[in-house]
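> Structure for the following, please:
(2 chains)
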2 protein chains.
Amino acid sequence: MTDLAHVASGFPVVGVVGGGQLARMMQQPAIALGVGLRVLATSIEESAAQAVRDVRIGRHDDLDALRGFADGCDVITFDHEHVPPLLLKTLEDEGVAVRPGGRALVHAQDKLIMREALTAAGVPCPLWREVETPSDVADFAGEAGWPVVLKTSRGGYDGRGVWVLDDLEAVHDLMTTTTLAGGARWLAEERVDFVQELSAQVARSPHGQAVAYPVVRTVQTNGICTEVVAPAPGLTDDEIVAAQHAALTVAQALGVVGMLAVEMFETRDGRVLVNELAMRPHNSGHWSIEGAVTSQFENHLRAVLDLPLGDPAAVAPYSVMVNVLGGDKGGLYHAYLHCMARDPGLKIHMYGKEVRAGRKLGHVTVVGDDLDDLLARAHHAADYLSGAIDE
Amino acid sequence: MTDLAHVASGFPVVGVVGGGQLARMMQQPAIALGVGLRVLATSIEESAAQAVRDVRIGRHDDLDALRGFADGCDVITFDHEHVPPLLLKTLEDEGVAVRPGGRALVHAQDKLIMREALTAAGVPCPLWREVETPSDVADFAGEAGWPVVLKTSRGGYDGRGVWVLDDLEAVHDLMTTTTLAGGARWLAEERVDFVQELSAQVARSPHGQAVAYPVVRTVQTNGICTEVVAPAPGLTDDEIVAAQHAALTVAQALGVVGMLAVEMFETRDGRVLVNELAMRPHNSGHWSIEGAVTSQFENHLRAVLDLPLGDPAAVAPYSVMVNVLGGDKGGLYHAYLHCMARDPGLKIHMYGKEVRAGRKLGHVTVVGDDLDDLLARAHHAADYLSGAIDE
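Now for the predicted structure:
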């Protein structure tokens, strides 16, 4: 199937492991840059597999599939963080350009390794401790207070693998009924009383150039990012600098290549504390497709190809992104008639997925200068597309 | 190969006849809208064939290839205007949704039919006349003056099939040595002494909704559009209204569906006269990818799918687009390092084509408020990418 990766002479092919919407949205700037995009998907129906010429079918945890996939790619990168570290190391030892590399990516795969590295780099985090028993958690709660946030160090995403627990009995119930798998350990963290949740994104290239996007506000619903406002309203200059500085420090300290999203809490006393990391384009940066000079997807491609990075500046005072989640109705395409007629400035992004309750099916973005108006328009459209409202 | 067109349930598939850069650039909004794009290309290496999952190989003048291509598409549209009218009629008679339809498209295929229809609709044109002999041209020149513009009614594009002739001897030489093919006739037109060349683009949907883009200035070099400024500088409000009104009138009078580009001359006495038509996304609208709320490629898809149209308004005071033409050097991708490092706000669009002298290989766009700065940046980048300059 190597005949599928057609690019003009001298132009590279980027392989993306994983066929979700992040890989799908990389295809738009890949087309503009003339870069070939090859996707490793588990089926031809996956989101990104619909959108690129060069699809390979295989699993991200199958070494032979990864080897065959990487053959002919100038660099491989990721739609998700689920490739096992040992396989990444094997590929790198065999000479494959893996970006971000396995030594960086492990910090997005294991929250304990991340906490250790960030603390060593002086990046502000909530109080945290590795714990093995309910008694360890009780000791930690003695310092940090209840409730305690308990996390599995590996395997969680979109709110899975994270529990907020009010007392020792709940801790005991959870730890005695949960089996840790795949090298995961237990991590206890302080429950932060935050003003708002933030995301600070940076792009970093192999030779060390880095650019910082405006810091955005994210709203999580049931652990899923559902709304983003760029830039985050109400931040002080000190907070903006602190958040961008933390993200740039993390990128450099961990040797990240590509996009890095650092999810943070703004505390009531004006500090920013790192919550989670993602080393790929991230839901909190979808606004940048229309709202920034260079989108996170284009800068991810530029970074993994070691090209100079594009301007991350916003093109308007505000951008608002709202996710379209699956409801109990289908008919997404039919809803276009209403949404497009009502709001000619609305930007719709659908991911080619079948409707399933709670599934991220797409997102909408609006850009302008009246934040309340943008929020109302984006939420109306997302609610209409997901079937939550009829008018 | 029908298994290639994967879209979510209820989402349509648009077939694009022709695999050039216009079809390629439709894929970016198709991905966002969740619409499937199928491309009829003559080889797997063509520009658009590199960028979509669902490529069919075949010729645009082969009825069986077109029939097979259309099977499974909800609508078919075009990357160019070269499908023979009789084949379009056959497909439409067989129930294929062809947009724009053959009865509209013939006006972009035959300049005499276009002149007749526009004159009947009251749209201002240069003086024109069908001619058969050099003597007819001499008569026409008696009214319109020398030089005379002589055109073949069919088969010309990018400056081909158009001659500016100074005297009867040159007319005689041309007409006696040129064989008209494919139903083409001779058309004589007044040589317009213009201030600048303009393009007025509109999108129109089957149920008649139409939106007008800002009127832009185009610069042609050897018959190829090489620079576009949006909006055209120095136009009076009357001229803007006249140009947009002419384009909307043409779209309605001819029953255009999709994007229509009306190329015009601004005369020294403040009139706008129609030069040429194109019924598809057009080089004069590439600026809209970054420079407008809704790009010409997205509105073309929306229009042929009879979806409500998107806002065509500009997002910044000026956008400048400059084409990247093939020079005598390769190494296009290597030039990225210089261009991207020098100008992080530059937007590059490459078409996946091999370098050939004079070939449209891509374009660059910059958006902002200082027109002189934008022109300098865009021309520098285009010259560097095409190999015309080294620094």
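> from here on, contacts and neighbour counts on C-alpha atoms
OK.
> what domains does the record give for chain A?
A:2-98, A:127-190, A:194-386 (automatic domain parsing).
> Output the ones you listed as CSV; include the columns distance to residue B:351 and mean pLDDT.
Formatted as CSV, the domains of chain A follow (distance: least, Cα to Cα, whole Å; pLDDT from 0 to 100):
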stretch, distance to residue B:351, mean pLDDT
domain A:2-98, 6, 95
domain A:127-190, 37, 92
domain A:194-386, 16, 96
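> In JSON lines, list those domains along with distance to chain B and mean neighbour count.
Formatted as JSON lines, the domains of chain A follow (distance: least, Cα to the nearest Cα, whole Å; neighbours: other Cα atoms under 10 Å in any protein chain shown):
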{"stretch": "domain A:2-98", "distance to chain B": "4", "mean neighbour count": "21"}
{"stretch": "domain A:127-190", "distance to chain B": "23", "mean neighbour count": "16"}
{"stretch": "domain A:194-386", "distance to chain B": "4", "mean neighbour count": "21"}
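> Could you dump those into CSV and include distance to residue B:323?
Shown next, in CSV, are the domains of chain A (distance: least, Cα to Cα, whole Å):
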stretch, distance to residue B:323
domain A:2-98, 14
domain A:127-190, 44
domain A:194-386, 20
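> which residue sits closest to residue A:281, ignoring its sequence neighbours?
Leaving out its chain neighbours, the residue that sits closest to residue A:281 by Cα to Cα, 6 or more residues apart in numbering or on different chains is residue A:259, at 5.5 Å.
> Could you give the bridge partners of that neighbour?
residue A:203 (DSSP bridges).
> contacting residues for the residue nearest to residue A:202 when sequence neighbours are not counted?
Once flanking residues are discounted, residue A:202 sits nearest to residue A:212: 4.4 Å by Cα to Cα, 6+ apart. By Cα atoms under 8 Å, 6 or more residues apart in numbering or on different chains, the contact set of residue A:212 is A:200, A:201, A:202, A:203, A:244, A:247, A:248, A:312.
> Give me the subset of those residues lying in helices.
In this view, those that belong to helices under DSSP state H are A:244, A:247, A:248.
> doesn't residue A:211 make contact with the first one?
No - at 9.5 Å, residue A:244 does not count as touching residue A:211 under the criterion of Cα atoms under 8 Å.
> what residues do those two have in common as contacts?
Counting by Cα under 8 Å, 6+ apart, the contacts common to residue A:244 and residue A:211 are residue A:202.
> my guess is residue A:80 contacts residue A:280, does it?
Yes - if you go by Cα under 8 Å, residue A:80 and residue A:280 touch, sitting 7.2 Å apart.
> Residue B:72 versus residue A:213, what's the distance?
Distance, residue A:213 to residue B:72, using Cα to Cα, to the nearest Å: 43 Å.
> brain fart, residue A:215
From residue A:215 across to residue B:72, the span is 45 Å (Cα to Cα).
> Quick one: the helices in the stretch 251-391 of chain A, in order.
Counting by DSSP state H, counting those that start in this stretch, the stretch 251-391 of chain A has helices at residues A:288-291, A:296-304, A:332-342, A:371-386.
> rewinding a little: can you give me phi and psi for the residue nearest to residue A:202?
In terms of degrees, to the nearest 10, the main-chain angles of residue A:212 are phi -110, psi 130.
> From residue A:354, how far out is it?
Per Cα to Cα, residue A:212 is found 35 Å from residue A:354.
> centroid residue for chain A?
Among the residues of chain A, the one closest to the centroid is residue A:282, at 2.8 Å (Cα atoms, centre = their mean).
> Name the nearest residue to that one, sequence neighbours excluded.
Counting by Cα to Cα, 6+ apart, the nearest residue to residue A:282 once its immediate chain neighbours are dropped is residue A:261, at 6.4 Å.
> Verify the stated contact: that neighbour with residue A:198.
No - Residue A:261 is beyond contact range of residue A:198, at 10.0 Å (criterion: Cα under 8 Å).
> tell me the contacts of the closest residue to residue A:314 other than its chain neighbours?
Spatial nearest neighbour of residue A:314, excluding adjacent residues (Cα to Cα, 6+ apart): residue A:292 at 4.2 Å. With contact taken as Cα under 8 Å, 6+ apart, residue A:292 is in contact with A:311, A:312, A:313, A:314, A:315.
> Check residue A:142 too.
Residue A:142 touches nothing, counting by Cα under 8 Å, 6+ apart.
> what's the answer for the one 3 residues further on, then?
Contact partners of residue A:145, counting by Cα under 8 Å, 6+ apart, are residue A:190.
> swap in residue A:227?
Each residue near residue A:227 by Cα under 8 Å, 6+ apart is listed here: A:218, A:219, A:220, A:320, A:321, A:322, A:323.
> one more time with 7 Å, if that's ok
Residue A:227 sits next to A:218, A:219, A:321, A:322, A:323 when contact means Cα atoms under 7 Å, 6 or more residues apart in numbering or on different chains.
> Kindly indicate which of those lies nearest residue A:134.
For the contacts of residue A:227, the residue nearest residue A:134 by Cα to Cα is residue A:219; the value is 30.8 Å.
> how about the nearest residue to the closest one, chain neighbours excluded?
residue A:227 (5.1 Å).
> Which strand residues bridge the one you found?
Beta bridges link residue A:227 to residue A:219, residue A:322 when assigned by DSSP bridges.
> what's the spacing between it and residue B:64?
Residue A:227 sits at a distance of 49 Å from residue B:64 (criterion: Cα to Cα).
> What of residue A:309?
47 Å.
> just residue A:165 next, same as before
Distance, residue A:165 to residue B:64, using Cα to Cα: 67 Å.
> same check, this time on residue A:222
Going from residue A:222 to residue B:64 by Cα to Cα gives 53 Å.
> cool, and residue A:357?
From residue A:357 across to residue B:64, the span is 43 Å (Cα to Cα).
> What of residue A:131?
For residue A:131, the distance to residue B:64 - Cα to Cα - is 69 Å.
> Please apply the same query to residue A:210.
Counting by Cα to Cα - residue A:210 and residue B:64 are separated by 53 Å.
> Give the helix, strand or coil label for the nearest residue to residue A:182 once chain neighbours are set aside.
Closest residue to residue A:182 apart from its sequence neighbours, by Cα to Cα, 6+ apart: residue A:154 at 7.5 Å. What DSSP: H, G, I helix; E, B strand; the rest coil gives for residue A:154 is coil.
> I figured residue A:154 was touching residue A:184, is that so?
Yes - under the criterion of Cα atoms under 7 Å, residue A:154 makes contact with residue A:184 at 4.9 Å.
> can you tell me the helix or strand for residue A:189?
Per DSSP states H and E: residue A:189 is located in strand A:186-190.
> neighbouring strands for that strand, and are they parallel or not?
Strand A:186-190 has these strand partners (DSSP bridges): strand A:128-131 (antiparallel), strand A:148-152 (antiparallel).
> secondary structure class for residue A:192?
Under three-state DSSP, residue A:192 falls in the coil class.
> Per-residue confidence, it, what does it come out as?
For residue A:192, the model assigns a pLDDT of 95.
> Tell me who's in contact with it.
If a contact means Cα under 7 Å, 6+ apart, then residue A:192 has residue A:126 as its contacts.
> Can you give me the end-to-end span of stretch A:179-199?
One end of stretch A:179-199 sits 31 Å from the other (Cα to Cα).
> Would you agree residue A:164 falls within a strand?
Yes - using three-state DSSP, the assignment for residue A:164 is a strand.
> Now it: closest residue in space that isn't a chain neighbour?
The shortest distance from residue A:164 to any non-neighbouring residue, by Cα to Cα, 6+ apart, is to residue A:149 (4.5 Å).
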